[in-house]
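Enquirer: take this sequence and fold it.
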Amino acid sequence: MPRTSAETAVRTYLTALRDPSSLRDEENVAALQSQLESASDHLERLRLRQQLLDLESPSIGRYEEDFITHAKAWADQEGITPSAFEAEGVPAGVLRKAGLAARRGRSGRGGTRRRVTVDQVRGAIPRGTFTIKTLQDKSGASPAVVRRVVADELAAGRLKDQGPDPDHRGPGRAATLYKKAR
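Expert: Next comes the predicted model:
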């Protein structure tokens, strides 16, 4: 395959993403159809048929390889960000392979978690039965902090372990239910 310039690699890949059929080489398709019509050997016809199928439905893979090779250098030179590529339909996995992974914040939720004290978790303990997860959701604390508070409250006798949730359905182990001791 001849050498591809960076700009051509990027342009061709973006074209392949939007409209792969526009990359068909109609001259070669016509030439192969002509050869196929005149071929009499069954194996030769089979080879020509496969070449024709490959030309009629060009694989995006070969354009993707060139894009992965050239996109980073071209984007750096042109000042193009990964977000711009994503907006044009380039998959995140391809951007990562090309060295153009989009920058992410410190967490997937867009910010930092607020600090929740042990006393705030204790104050969020509901009157009825609850699970670690429900207390975590109600208090906003991390699972580790909630587990520690529940363990402390159990040891102090202020909570009772009610056993596994009898209404649990689905895969995995049933969550343990807890209740205030009073």
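
Enquirer: any regions of this protein where pLDDT drops low?
Expert: 1-4, 102-113 (pLDDT under 70).

Enquirer: relative to its centre, which residue of it is most distant?
Expert: Ser40 (49.2 Å; CA atoms, centre = their mean).

Enquirer: please enumerate the strands of this structure.
Expert: Remark: strands assigned in the chain by DSSP state E are 159-164, 176-180.

Enquirer: highest mean neighbour count out of the ones you listed?
Expert: strand 176-180 (a mean of 17; mean count of other CB atoms under 10 Å). C-betas here are computed from N, CA, C, even on glycine.

Enquirer: using CSV, write out every CA atom in it.
Expert: Coordinates of the C-alpha atoms in strand 176-180 are reproduced here as CSV (Å, rounded to 0.1, in the frame of the first residue of the first chain):
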residue,chain,number,x,y,z
THR,A,176,-28.2,-7.9,55.3
LEU,A,177,-31.1,-6.0,57.0
TYR,A,178,-30.4,-3.9,60.1
LYS,A,179,-32.8,-2.2,62.6
LYS,A,180,-32.5,0.2,65.5
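
Enquirer: contacts for that strand?
Expert: Identification of contacts with strand 176-180 by CB atoms under 8 Å, 6 or more residues apart in numbering yields 125, 127-132, 135, 150, 154, 158-165.
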